[in-house]
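# structure, please.
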Amino acid sequence: MTRVKKTYCMVSLIVAMVVLVLTLSWSAGGTTVYAASMDPDSITTFDGDNSEGGVTRAAEDSTNGLTISYNNDGGSLSAPVKMLLVLTILSLAPSILIMLTSYTRIIIVLHFLRTAIGTQTAPPNQVLIALALFLTFFIMWPTFQQINTEAIQPLDKGEITTEEAFTVAQGPIREFMYGQTQEKDLKLFVDISDETYDSYDDVPMTTLIPAFILSELRAAFIIGFVIYIPFIVIDMVVASVLMSMGMMMLPPTTISLPFKILLFILADGWDLVIGSLVKTFY
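Numbering: from 1, shown residues only. Okay, the predicted model is just below:
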């Protein structure tokens, strides 16, 4: 059996080498390069022996072997290019949603709220993310409508170009971010970039976006701290009562959790938190 395997391997190696040699010999006979325009007159053939005639024909080819047509020189984007742009925007949509909208502040505050109450998985992450997304759409809906009216619809009708639509769409987004960005955060990134600007409108998006995110993080942590205070008081009271009763082996969180949930229900906590959170954007 071992001899049969060796024989089979040797025969396979020889056959592979023969096929490789025949392939190289056949491909060396001549290579044909087709122009992108698919014009039969622009086909150039190069001989394998690098003959002078082949080089001369290549030099005489007016297309240089490649022709790129931009929608018949019409200047507008073709359907495949538009589809590529749409797919690119969809792939970047999560990052755009997090960076340029109210999503960051909302999801961080909801996370602080769940941690302060002490429930590990209630509400679950899916519910918090869905709630943050719908609150983001609710807050950003006027901005989205303005972008649709001033940029997307005119672009779809052909009244403005893609570059003009992109510039117009930045206006509502910049206006929203300016209202939520603290001046010291914007000044920080302006100083880091070592640039000076006469007005807010001159600040580029690359400077405004990180300043906006930093302001959102600061606001979210401040709201989270305020949410934590009443629940910390309940934990301290329960821990003091248990210590005075000599129940040192009983975890205070086990007793304080029902009281924190009861306090949250009696105070109508969801309305208070969500209502106050949404109002911070107006």
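# so where does the residue nearest to the spatial centre of the chain fall, helix or strand?
With distances taken as C-alpha atoms, centre = their mean, the residue of the chain nearest its centroid is residue 95 (2.5 Å). Secondary structure from DSSP states H and E places residue 95 in helix 79-100.
# tell me which residues in that helix are buried?
97, 99-100 (16 or more other C-beta atoms under 10 Å). Using the backbone N, CA and C atoms, a C-beta is placed for each residue, glycine as well.
# do the same with stretch 141-153
143, 146-147, 150-151.
# avg pLDDT for it?
Mean pLDDT, stretch 141-153: 87.
# same question, stretch 101-110
91.
# what's next to it, contact-wise?
97-98, 128-129, 131-133, 135-136, 139-140, 176, 180, 213, 216-217, 219-221, 223-224, 227, 273, 277, 280-281 (C-beta atoms under 8 Å, 6 or more residues apart in numbering).
# hmm, back to that, which other helices and strands does the helix holding residue 95 contact?
Packing partners of helix 79-100 (3 or more C-beta pairs under 8 Å, 6 or more residues apart in numbering; DSSP states H and E): helix 162-180, helix 205-244.
# tabulate these (TSV), appending distance to residue 197, mean neighbour count and mean pLDDT.
Shown next, in TSV, are the helices and strands packed on helix 79-100 (distance: least, C-beta to C-beta, whole Å; neighbours: other C-beta atoms under 10 Å; pLDDT from 0 to 100):
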stretch	distance to residue 197	mean neighbour count	mean pLDDT
helix 162-180	13	16	84
helix 205-244	8	16	88
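# neighbours around residue 275, how many?
10 (other C-beta atoms under 10 Å).
# show me the contacts for it.
So residue 275 contacts nothing (C-beta under 8 Å, 6+ apart).
# that one: which element?
Counting by DSSP H and E, residue 275 is part of helix 269-279.
# buried residues in that helix?
Buried residues in helix 269-279 (16+ other C-beta under 10 Å): 269, 273-274, 277.
# please save the CA atoms from it in CSV.
Presented in CSV, the C-alpha positions along helix 269-279 are these (Å, rounded to 0.1, in the frame of the first residue of the first chain):
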residue,chain,number,x,y,z
GLY,A,269,-39.4,57.3,37.4
TRP,A,270,-39.7,56.5,33.8
ASP,A,271,-41.7,59.6,33.0
LEU,A,272,-39.3,61.8,35.1
VAL,A,273,-36.1,60.4,33.6
ILE,A,274,-37.3,60.2,29.9
GLY,A,275,-39.1,63.5,30.1
SER,A,276,-36.2,65.4,31.7
LEU,A,277,-33.7,63.7,29.3
VAL,A,278,-35.6,64.7,26.2
LYS,A,279,-36.1,68.3,27.5
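# next, the angle helix 205-244 makes with that helix.
150 degrees (axes from the mean of the first three to the mean of the last three C-alpha atoms, to 10 degrees).
# quick one: helix 269-279 to chain centroid distance?
27 Å (C-alpha atoms, centre = their mean, to the nearest Å).
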